[in-house]
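Asker: With the sequence up front, the predicted model follows.
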There are 2 protein chains.
Amino acid sequence: MKESPGVVDLLGVLAYAELSAFARMTEDAASLAPSLADRAALSELALAEYAHFRLLRDQLAELGADPEEAMSPFVEALDGWHTQTAPGDWLEALVKAYVGEGIAFDFYREAAKRLDPPLAKLVDQVLADEGRSQFAVERVRAALEADPVAAGRLALWARRLVGEALSQGQRVAASRPELARMLVSADADDQAEISRMFARLTEEHGKRMTALGL
Amino acid sequence: MKESPGVVDLLGVLAYAELSAFARMTEDAASLAPSLADRAALSELALAEYAHFRLLRDQLAELGADPEEAMSPFVEALDGWHTQTAPGDWLEALVKAYVGEGIAFDFYREAAKRLDPPLAKLVDQVLADEGRSQFAVERVRAALEADPVAAGRLALWARRLVGEALSQGQRVAASRPELARMLVSADADDQAEISRMFARLTEEHGKRMTALGL
């Protein structure tokens, strides 16, 4: 296997992120959707995540890595993130699908910047939005128009999502130094680069909050 | 809409059966699978159920029926079945996927016998096995070879699955007479026909138990 451990780590964490997002979105759809049409719509988005999982699993196998082995170091942190952020209602589930997945995907995108072109292309494909944003944004905005008071609660919820994402992200980075090094190139001024990366992540997060009307 | 209420009922109950089987199998895969490979394998089967849901929803819409309205009379009974038969471990989940879905599908097949050919073909397609049987049978048999004592517990579990299926089936039949009438033709000797149908269902169930080694 010619790829660095960091690359296998990145594909592994992404694969498990997609597999667990598929399961949680399906569960949220079944238990929280206010109508069977909404339930089917969120299930369709979950299916898109599963299709991404398949691409990543096949790519890992093609690189000569065992997909299960590549995913296993990240199961605890990602399951922890989902347990800590189990949505209490449909709007929280939508905000999680948009804001929570959004910030996680921005992180993965940063890490993918140093990949070789063919792998970078695969990761881009996997991180494609597939209508997730539009679906969540439309429904949350409509709900806030009907009930503006919910905005405070959902804004708080979004902050909690980001806090838990950062906390699990730090755990993963601490235990997987090869993966962490993909976020910052060794020869640059690390501290300044990390600051710039966080500025980019914060900016993207802010755009999503504005889109939701939060 | 030219189709009889019984036809819309049948497509509606099947559509919700597939949508709820998709969600529960995905959930069982995430919470009970002993490995990520097993989890992915059961998730793939769940996805096949979702594909069937799509076919049925589109067929309902094509007949001029509202898919959500067609499914809604069956949500309570099918959710009740899943709640009463939440598997406690991976082997119970596999037996449920094979024996529980098996007997439900046999019922739907009986009801579909009186459909016009194009609809009967769609239902056949939706009730196709897609590897569900082989997957469950192989894994349960291997587990029973390693631990023969588990057979008693799983046989009991399978009986409970059938009991709950019959109980929910009766509820549905009582509340949807048009659907119940699809199971038995009005001009035949009903009692004898019902007996023959139950004999067929029992025979198919027995074959599945034998295949599992139970």
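Answerer: Here it is on my side, so go on. Numbers count the residues shown, from 1 in each chain, chains lettered A, B, ... in the order given.
Asker: mind exporting stretch A:166-174 as PDB, just the C-alpha atoms?
Answerer: C-alpha atoms of stretch A:166-174 as PDB (Å, rounded to 0.1, in the frame of the first residue of the first chain):
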ATOM      1  CA  LEU A 166     -14.900  20.600  17.800                       C
ATOM      2  CA  SER A 167     -14.600  18.500  20.900                       C
ATOM      3  CA  GLN A 168     -14.800  15.200  19.100                       C
ATOM      4  CA  GLY A 169     -12.600  16.600  16.300                       C
ATOM      5  CA  GLN A 170      -9.900  17.400  18.900                       C
ATOM      6  CA  ARG A 171     -10.100  13.900  20.300                       C
ATOM      7  CA  VAL A 172      -9.600  12.400  16.800                       C
ATOM      8  CA  ALA A 173      -6.700  14.800  16.000                       C
ATOM      9  CA  ALA A 174      -5.000  13.900  19.200                       C
END
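Asker: tell me which residues of it are tucked away?
Answerer: A:168-169, A:172 (16 or more other CB atoms under 10 Å in any protein chain shown). Placement of C-beta: from N, CA and C, glycine included.
Asker: For A:Leu201, which non-adjacent residue is closest in space?
Answerer: Once flanking residues are discounted, A:Leu201 sits nearest to A:Asp106: 5.2 Å by CB to CB, 6 or more residues apart in numbering or on different chains.
Asker: how near is that neighbour to chain B?
Answerer: Separation of A:Asp106 from chain B (CB to the nearest CB, to the nearest Å) stands at 25 Å.
Asker: repeat for A:Tyr98
Answerer: Distance, A:Tyr98 to chain B, by CB to the nearest CB: 21 Å.
Asker: So that residue sits against A:Leu214, correct?
Answerer: No: assessed by CB atoms under 8 Å, A:Tyr98 is found out of contact with A:Leu214, at 10.3 Å.
Asker: For the helix or strand of chain A with the lowest mean pLDDT, name the packing helices and strands.
Answerer: Least confident helix or strand, chain A: helix A:177-183 with a mean of 84, by mean pLDDT, DSSP states H and E. Judged by 3 or more CB pairs under 8 Å, 6 or more residues apart in numbering or on different chains; DSSP states H and E, helix A:177-183 is in contact with helix A:5-32, helix A:101-112, helix A:150-175.
Asker: Tabulate the ones you listed in a markdown table, adding columns for mean pLDDT.
Answerer: Formatted as a markdown table, these follow (pLDDT from 0 to 100):
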| stretch | mean pLDDT |
| --- | --- |
| helix A:5-32 | 94 |
| helix A:101-112 | 88 |
| helix A:150-175 | 91 |
